[in-house]
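K.L.:
Quick check, what structure comes out for this input:
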Amino acid sequence: HSLPDRAACVTFDDGFKTVMTNALPILKKLEIPATLFVSTSLLETGLPPWPEIVYLAVASTKAREARLDGQKFELNTMDDRNIACQKILRVLKSLPPEQKDMHLKELLKCLQVSGDDIVRNSPFETVRWSDLESLVRTNIIEIGSHGHTHEMLTLYQPTFQEESIARSRKLLLDHLGRCDLFAYPFGDYSAKLQYYVHSAGFEGAVTTVRALVRPKQNDIYALPRVGIGAGDELERFERRLWGF
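P.N.:
Numbers count the residues shown, from 1 in each chain. Below you'll find the model as predicted:
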């Protein structure tokens, strides 16, 4: 099927519940379809991906400093906390998976918060299986996979990569009957991951590479996207849709 000129697709990563409460009414009103990418391991708990747990822990703790991997981060002001959060995330993303999990657990202990405590009724609560079924019935939201666990898959062994991708699609197929698209967690991908996504039966995959999709110029398993954030004003939003 051919697309109209200047066609656009709307996508949401991570499966936050605000897609249901905030975005869905607007999408319905304007009759704009969208795809929501979810990590299937989170659908049982409603917990957010681990970077958001870090953000909420740093934002809500009463502690005045955080320690991670031999480094100390001041938490006296909101600016301190914002800076600390960005630095902590960079450290954790650079670590091998097992070390990342260990340091994250130690960080939460240092901040005296638990994952469950800080995400209840938070803006980062994620959808559950029952929510997905409701969304699919709207015929406005399509569900795609964001992997089984929200991890930077390129840091893992090939067997884990293949399992995470294939398992997520099987679970979504079993529950919803359809799952055609994949979004690489953190936008990080490789030729091997593209192969696993194709082998699992996905029809395409999206990255976080900032660019417009050009006819016959893009790999269907590494499609770019234009990221839009909460702080983007309407003028900037329009410029980004034009590729600037």
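K.L.:
how distant is stretch 30-40 from the center of its chain?
P.N.:
Relative to its parent chain, stretch 30-40 has a centroid offset of 12 Å by Cα atoms, centre = their mean, to the nearest Å.
K.L.:
Check which residues of it are buried.
P.N.:
Going by neighbour count (16 or more other Cβ atoms under 10 Å), the buried part of stretch 30-40 is Ala34, Thr35, Leu36, Phe37, Val38, Ser39, Thr40. Using the backbone N, CA and C atoms, a C-beta is placed for each residue, glycine as well.
K.L.:
where does this structure have low pLDDT?
P.N.:
Within the chain, the stretches with pLDDT under 70 are 1, 115-121.
K.L.:
where do the strands sit along the protein?
P.N.:
With DSSP state E, the ranges of strands along the chain come out as 10-12, 34-38, 65-68, 71-74, 141-145, 181-183, 204-210, 223-225.
K.L.:
Relative to Arg167, which of the ones you listed is closest?
P.N.:
Arg167 lies closest to strand 141-145 among the strands of the chain, at 9.3 Å (Cβ to Cβ).
K.L.:
Is it correct that Tyr221 is in contact with Thr207?
P.N.:
No. Counting by Cβ atoms under 8 Å, Tyr221 does not reach Thr207; the two are 9.3 Å apart.
K.L.:
Dig out what Phe182 forms beta bridges with.
P.N.:
Counting by DSSP bridges, Phe182 is bridged to Ser145, Ala205.
K.L.:
Packed most tightly, which of the strands of the chain would that be?
P.N.:
Mean neighbour count (mean count of other Cβ atoms under 10 Å) peaks for strand 181-183 among these, with a mean of 25.
K.L.:
now what about that one, what contacts it?
P.N.:
With contact meaning Cβ atoms under 8 Å, 6 or more residues apart in numbering, strand 181-183 is reached by 11, 13, 35, 37, 142, 144-147, 165, 169, 197, 200, 202-206.
K.L.:
Next: stretch 63-70.
P.N.:
58, 72-76, 84, 88, 91-92, 95, 103, 106-107, 110-112.
K.L.:
and those, which are buried?
P.N.:
By neighbour count, with 16+ other Cβ under 10 Å, the contacts of stretch 63-70 hold Val58, Phe73, Leu75, Ala84, Ile88, Val91, Leu92, Leu95, His103, Leu107, Leu111 as buried.
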